[in-house]
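# task: produce atomic coordinates for the following.
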Amino acid sequence: MATVETNTIRGLDIDKTIKGFAMTNYVFKGLVINSTTDGDSIRWYKETAADLTLTAPSTLETSPLSMFEQAEVDWERLTSYPKKYAIEGTISREDIKSADIDVLARTLLRLTRAVVKQIDSAIYNVMTEDQSPSTLGTAAATGTGWDDGTNGNPILDILKAKQNIMENDYDTSGVIIAMNPKNERDLINYLILNGASIPGFSSDQVTQGSISGILGSRIVVSNNVVADSVLVGDPTGCTWKSFEGLHAETENIMGKGTKIAIWENGVAILTDPKKMYLITDTDT
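Sure thing, here's the model as predicted:
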């Protein structure tokens, strides 16, 4: 026999605890736009990024009392569906009764991380169109990749990405550079090897083993960034639509223990793909 209990076990507020864990583990969800939805489907519109143009030879110039040229803005209507990300685990009565609070806390942490990681991976995949871009800008890394200290050029690749975003009429002041730990290592190594040729560069910027930003953009390092790729883009081009936020409930299993379930429900939508640029083939 099982009965649903409150979200508290031995004085541990589960709902509050998992949200505390999530705050330190979310990467991309904390960067994109967050909003809510109550429907089981979301209808949204993607506007054409290019400026309005007219058929040549029109230049929008006109004379007094002349007819104005006609132009129309295009929108693509799309539909997305929220998905539930859920996991559960069971703690025995014996552990609850005799073990330290760390057993409960660690169980909550690992369950929460599983849900959070899956959601952050889903958001990253939407931001990059599953690493197979059809709309956002993309190009292979210079030379043979970032881990080639001779032929690779991460700085040039990042500059190309920002150029592409600007050429699509988006501001780059909010752009991030998202990479996995290996590509961060490759970037730092490149800066150490070539720092003397970079104007105003100081080796002190990399001696701590990590860098927070470069070329006016914040660097985000996450294991959710798929290997062999780096994302340069403005996270506000993506929105996380939350149907139900991160939540936990417990179920008492008579004589056996307590089952803890954690879930979240929502979907990421890429509203402005031209705010993103994917650098591929960063590894040799």
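# C-terminal to the longest strand along the chain, what's the next element?
Longest strand in the chain by number of residues (criterion: DSSP state E): strand 238-253. Next along the chain after strand 238-253, taking DSSP states H and E as the criterion, comes strand 257-270.
# for that next one, packing partners?
Contact partners of strand 257-270 among helices and strands, from 3 or more Cβ pairs under 8 Å, 6 or more residues apart in numbering; DSSP states H and E: strand 42-47, strand 75-80, strand 83-92, helix 93-98, helix 101-127, strand 238-253. (Each C-beta comes from the backbone N, C-alpha and C, glycine too.)
# could you check the angle strand 238-253 makes with it?
170 degrees (axes from the mean of the first three to the mean of the last three Cα atoms, to 10 degrees).
# quick one: strands adjacent to strand 257-270?
Partners of strand 257-270 in the sheet, by DSSP bridges, are strand 83-92 (antiparallel), strand 238-253 (antiparallel).
# contacting residues for Ile262?
With contacts defined as Cβ atoms under 8 Å, 6 or more residues apart in numbering, Ile262 is in contact with Ile18, Ala86, Ile87, Glu88, Leu108, Leu111, Thr112, Ala114, Val115, Leu246, His247, Ala248.
# touching, the second one and Ala248? I think so.
Meaning Ala86. No - using Cβ atoms under 8 Å, Ala86 and Ala248 do not qualify as a contacting pair, with a distance of 10.5 Å.
# anything in contact with each of those two?
Joint contacts of Ala86 and Ala248 (Cβ under 8 Å, 6+ apart) are Ala261, Ile262.
# which single one of the contacts of Ile262 is nearest to Thr271?
Leu246 (22.9 Å; Cβ to Cβ).
# what sits against that closest one?
Ile18, Lys19, Ala22, Thr112, Val115, Val116, Ile262, Trp263, Glu264.
# the last one and Lys46: what is the separation?
Taking Cβ to Cβ, to the nearest Å as the measure, Glu264 and Lys46 are separated by 25 Å.
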